[in-house]
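> Show me the folded form of this:
(chains A and B)
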Amino acid sequence: QKEVEQDPGPLSVPEGAIVSLNCTYSNSAFQYFMWYRQYSRKGPELLMYTYSSGNKEDGRFTAQVDKSSKYISLFIRDSQPSDSATYLCAMKETSYDKVIFGPGTSLSVIP
Amino acid sequence: GAVVSQHPSRVICKSGTSVKIECRSLDFQATTMFWYRQFPKKSLMLMATSNEGSKATYEQGVEKDKFLINHASLTLSTLTVTSAHPEDSSFYICSARPLAGGKTSDTQYFGPGTRLTVL
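Residues are numbered from 1 along each chain as shown, chains lettered A, B, ... in the order given. Reported below is the predicted structural model:
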């Protein structure tokens, strides 16, 4: 079993839709959870950074962490074509630990 | 703020040659930088952690003599792929943790990546 799993997609949605992206993980010691957005042939860009279970909202983005289920989600409201990218979940045990990335989900938002 | 650059963005070389990739933090200092490798439609795989003024820490399975890392200053780390072969062709990405107020942030900022193609 891989440490972090993520549906690779591709996921295609119409503009304005609510997008739900998810990751599952096996290591119960993970405490810090991140979502990165990566455009084609570019480096990842940090979108959300959360600690432990709970929700965090930033504009159109909401991150949810359920440590009991080892499941994290990223919701994108009112999706835009500019949101088309690969979304990587990432996590680590301690704040200064190395980051473990999921394989990414490719998202296309169709105008 | 927190901009990381990489040079070159793209390089094509012949098998057997060495290639150097630079990673610079443009508007902050970083005692710790990371080097990742990414294959198409795959996740980022950490290759090594680079600490300014000391030897890099390599992940299991990464040949340190093949992937030479130097972190000579608080704003520059270099990765040299020695005697490159076609299987080394990949997307190499660096990241850096800002140093502010004498403390290293736990957030990483990524460079734009370098596409290496070995013929």
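
> Quick check: residues of chain B near chain A?
Contact residues (CB under 8 Å from any CB of the partner chain) of chain B with chain A: B:4, B:6, B:34, B:41-44, B:46, B:49, B:91, B:93, B:95, B:104, B:106-113, B:115. Using the backbone N, CA and C atoms, a C-beta is placed for each residue, glycine as well.

> Need the buried ones from these selected in ChimeraX.
Of the residues of chain B next to chain A, the buried ones go into a single ChimeraX selection, burial set by 16 or more other CB atoms under 10 Å in any protein chain shown:
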select /B:4,6,34,43,44,46,49,91,93,95,104,108,109,110,111,112,113
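
> Of the residues of chain B next to chain A, which belong to strands?
If you go by DSSP state E, the residues of chain B next to chain A have B:4, B:6, B:34, B:44, B:46, B:49, B:91, B:93, B:95, B:104, B:109-110, B:115 in strands.

> And stretch A:13-22, what's buried?
Going by neighbour count (16+ other CB under 10 Å), the buried part of stretch A:13-22 is A:13, A:19, A:21, A:22.

> ok, residues contacting it?
A:6-7, A:11, A:35, A:71-81, A:83, A:87, A:89, A:105, A:107-111 (CB atoms under 8 Å, 6 or more residues apart in numbering or on different chains).

> repeat that with 10 Å
A:5-7, A:9, A:11, A:35, A:60-64, A:71-84, A:87-89, A:102, A:104-105, A:107-111 (CB atoms under 10 Å, 6 or more residues apart in numbering or on different chains).

> which of the residues you listed come close to chain B?
Of the residues in the contacts of stretch A:13-22, proximity to chain B by CB under 10 Å from any CB of the partner chain holds for A:6, A:9, A:88, A:89, A:102, A:104.

> secondary structure class for the second one?
Here residue A:9 is recorded as coil under DSSP: H, G, I helix; E, B strand; the rest coil.

> Now do the same contact list for the closest residue to residue B:80 other than its chain neighbours.
Spatial nearest neighbour of residue B:80, excluding adjacent residues (CB to CB, 6 or more residues apart in numbering or on different chains): residue B:68 at 4.2 Å. By CB under 10 Å, 6+ apart, residue B:68 lies in contact with B:18, B:20, B:48, B:56, B:78, B:79, B:80, B:81, B:82.

> now swap in residue B:91 and tell me
A:41-43, B:10, B:36-40, B:42, B:44, B:113-116.

> Throw together a ChimeraX command that grabs the buried residues out of those.
What follows is the ChimeraX syntax for the buried subset of those, where burial is set by 16+ other CB under 10 Å:
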select /A:42,43 /B:36,37,38,44,113,114,116
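
> Which of the contacts of residue B:91 sits closest to residue B:26?
Taking CB to CB as the measure, residue A:43 is the one of those closest to residue B:26, at 13.3 Å.

> Wait, a strand at that closest one?
No: assessed with three-state DSSP, residue A:43 is coil; it does not lie in a strand.

> OK, contacts around it?
Applying CB under 10 Å, 6+ apart to residue A:43 gives the contacts A:36, B:4-6, B:36, B:38, B:44, B:91, B:93-95, B:109-114.
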